[in-house]
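Enquirer: Need the 3D shape of this:
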Amino acid sequence: KAPLIVAEEAFRRANGLISEIDRTIRERSASAFLKLGVSPLTPNVWGSTISDIKKYIGQVKSEAVKSFNNPSSKVIRSNNLPGILFFAILGLLLIFPATKWVSQNMSVVTGRSDAIIKKIKYLAFSFCVFILPILGVCLLIRSVEMLDIFDYRGDALTQAIMVVSIAVIGAYWLAHNLFKETGLTRELLGIDSGRLFVAYSVTILMGIVLGLYWLVNDLEQVAGLTETSIAVLEFPLILIGSYGLITFAQRVKLYRARLTSEKKITPISDKISSLILALTMTAGILGPITAVIGYSNIGAKLVFATILTLAVLFSLFIIFTLIAYLSSEVIIKSQNKNNQDKASKGGLFRVFLAFILACLAIPLLALIWGARVVDIQDVWLSLKDGVVLGDTRISISDFITFVIIFSIGYTLTRLLQSALRLSVLPNTKIDSGAQNALVTGVGYIGIFFSALIAITSMGLDLSSLAIVAGALSVGIGFGLQAIVSNFLSGIILLVERPI
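Expert: Predicted structure coming up:
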């Protein structure tokens, strides 16, 4: 046991050192975040900020002139000329004509028939609106790199421009899906046509402001900008971002009022819209105030973290809508003889999809609001360790395995039921009542075995559930008699059909 004791002691010491380092990093980060600086409205600091910008522009210009006149760089540019022209032309084509063509075809698809192939095209076109321009910007930056006219300062600028492009193109994708006249999610949100242009413009504006904020922060080290210069450069961006947030909050308020008057608001939509309204209005008001006082880091975090939060939430909403939109059409196509309402189709799949997207949103939102990647990794490791139930340890991977296997079993059961209902049983002499009874029985059996296999795959010993089963039987005997009796009576009616 001596080596084990030594190893445990070494682990405790290492863990203590890591915790101490982590605490020191957190304290320094909090101190820098809460630091009171000079107000960006102080005229004395404007001159130094302009000087820092001019200095950086001059350094990039001198790098470019030096590299342009360098004989070896001229040879490289001459050899790379075909590639430079190819990447530049292809990048411009992807940014402008290709994106415009995709946008126009999205409008055409929404106006056509409800065939499944049209839904697949709409889904593909929607993502291409974001992917094609990003690829075009990457190709343009690659062509600039092949010119070999920049040193590390110019290269940092081109990489920062790529980040700005992602923010602007992402905002365009959000605005195109949310606030375009033919956008699918616009129909679900029920936004009036007269307010689409304002919402569209505000979304693009917030994307541009967010991209410029990232640009300033990315160039902080390379350009040698001081904390005061950063605060001065960020302040107009904070003001514009706050304007966008307040405008958005007003739109959300009008939207809630209209839904309430039409009695279409649900408890979930009411809570979500109330939370978004409170967050955007608070950030839009407090952001500029804290920045004016001198807490520029707090003001920037309030405004731009809120903008990123809205971007993540609405991006996931669009993805959920597009996938659910396609899946509902597939289910309706496969169950066209069932007289259920369209909104109820694929309900379990939509709940499962919403759960997956919510799980993806949690770490993203945590990173946006100040969590570190190490914190996310620690949480993930804790989830992987799992919890102990008796002699079995259940981790997050076991839970995911359970969900996947049960979902596969549930899907196969529904497919088997659909095949029996639509293809097999109609070709037999069994009457409709017996057919429905058989399909229902297959559903019960399939779901039961799906749950059984999924639980077994987790490594959970079913014999350990004997006590739970005994307690459940006692509960059935006392409190659940009526429910079990009705359930068994329904099965008897389906099988024997006495009436």
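Enquirer: So which bits of the helix or strand containing A249 are buried?
Expert: Following DSSP states H and E, one finds A249 within helix 227-261. The neighbour-count check on helix 227-261 (16 or more other C-beta atoms under 10 Å) flags 228-235, 237-249, 251-252, 255-256, 259 as buried. Backbone N, C-alpha and C define where each C-beta goes, glycine included.
Enquirer: where in the stretch 301-450 of the chain is pLDDT low?
Expert: Within the stretch 301-450 of the chain, the stretches with pLDDT under 70 are 325-348, 386-393.
Enquirer: Tell me where it has strands.
Expert: Assigned by DSSP state E, counting those that start in this stretch, the strands in the stretch 301-450 of the chain fall at 387-389, 392-394.
Enquirer: surely R256 meets L277?
Expert: Yes - counting by C-beta atoms under 8 Å, R256 does reach L277; the two are 7.1 Å apart.
Enquirer: Using PDB, list the CA coordinates for stretch 207-220.
Expert: Taking C-alpha atoms only, stretch 207-220 is exported to PDB below (Å, rounded to 0.1, in the frame of the first residue of the first chain):
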ATOM      1  CA  GLY A 207     -22.400  42.500 -36.000                       C
ATOM      2  CA  ILE A 208     -20.200  45.300 -37.400                       C
ATOM      3  CA  VAL A 209     -19.700  46.800 -33.900                       C
ATOM      4  CA  LEU A 210     -18.900  43.400 -32.400                       C
ATOM      5  CA  GLY A 211     -16.300  42.800 -35.200                       C
ATOM      6  CA  LEU A 212     -14.700  46.200 -34.600                       C
ATOM      7  CA  TYR A 213     -14.500  45.500 -30.900                       C
ATOM      8  CA  TRP A 214     -12.700  42.200 -31.600                       C
ATOM      9  CA  LEU A 215     -10.400  44.100 -34.000                       C
ATOM     10  CA  VAL A 216      -9.400  46.500 -31.300                       C
ATOM     11  CA  ASN A 217      -8.700  43.800 -28.800                       C
ATOM     12  CA  ASP A 218      -6.800  41.600 -31.200                       C
ATOM     13  CA  LEU A 219      -4.500  44.500 -32.200                       C
ATOM     14  CA  GLU A 220      -3.900  45.600 -28.600                       C
END
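Enquirer: Buried residues of the helix or strand where F125 lies, list them for me.
Expert: In this structure, F125 sits in helix 116-147 according to DSSP H and E. Residues of helix 116-147 classed as buried by neighbour count (16+ other C-beta under 10 Å): 118-119, 121-123, 125-126, 128-137, 139-147.
Enquirer: Report the angle between the next helix or strand after it and helix 116-147.
Expert: Next along the chain after helix 116-147, taking DSSP H and E as the criterion, comes helix 152-178. Angle of helix 152-178 versus helix 116-147, following axes from the mean of the first three to the mean of the last three C-alpha atoms, to 10 degrees, is 170 degrees.
Enquirer: Quick one: list the elements packing against helix 152-178.
Expert: Helices and strands touching helix 152-178, by 3 or more C-beta pairs under 8 Å, 6 or more residues apart in numbering; DSSP states H and E, are helix 44-69, helix 116-147, helix 184-189, helix 196-218, helix 296-334.
Enquirer: what would these look like in TSV with distance to G441?
Expert: Compiled in TSV, the helices and strands packed on helix 152-178 are given as follows (distance: least, C-beta to C-beta, whole Å):
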stretch	distance to G441
helix 44-69	74
helix 116-147	30
helix 184-189	37
helix 196-218	51
helix 296-334	20
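Enquirer: Please identify which of these is closest to R26.
Expert: Minimum separation from R26 across these (C-beta to C-beta) falls at helix 296-334, 15.1 Å.
Enquirer: just to revisit the earlier point, chain center to the helix holding A249, what's the gap?
Expert: 21 Å (C-alpha atoms, centre = their mean, to the nearest Å).
Enquirer: helices or strands next to it in the packing?
Expert: Other elements packing on helix 227-261 under the criterion 3+ C-beta pairs under 8 Å, 6+ apart are helix 44-69, helix 196-218, helix 267-293, helix 296-334.
Enquirer: Roughly how far does T280 sit from V252?
Expert: Using C-beta to C-beta, to the nearest Å, we find T280 at a distance of 7 Å from V252.
Enquirer: contacting residues around the closest residue to I246 other than its chain neighbours?
Expert: Spatial nearest neighbour of I246, excluding adjacent residues (C-beta to C-beta, 6 or more residues apart in numbering): G284 at 4.0 Å. Counting by C-beta atoms under 8 Å, 6 or more residues apart in numbering, G284 touches S242, Y243, G244, L245, I246, A249, V303, T306.
Enquirer: least confident pick among these?
Expert: Least confident of those in the model: A249, at 88.
Enquirer: quick check, distance from stretch 45-57 to the centre of its chain.
Expert: Remark: stretch 45-57 is offset 37 Å from the chain centroid, using C-alpha atoms, centre = their mean.
Enquirer: Mind listing residues that contact that stretch?
Expert: With C-beta under 8 Å, 6+ apart, stretch 45-57 has contacts from 38, 153, 219, 222-226, 228-229, 231-233.
Enquirer: Please apply the same query to stretch 90-101.
Expert: Against stretch 90-101 from outside (C-beta under 8 Å, 6+ apart): C128, V129, L132, P133, L135, G136, V137, C138, L139, L140, R142, S143.
Enquirer: quick one: low-confidence ranges for the stretch 1-150 of the chain?
Expert: If you take pLDDT under 70 as the line, the stretch 1-150 of the chain has these spans: 1-2, 104-120, 122.
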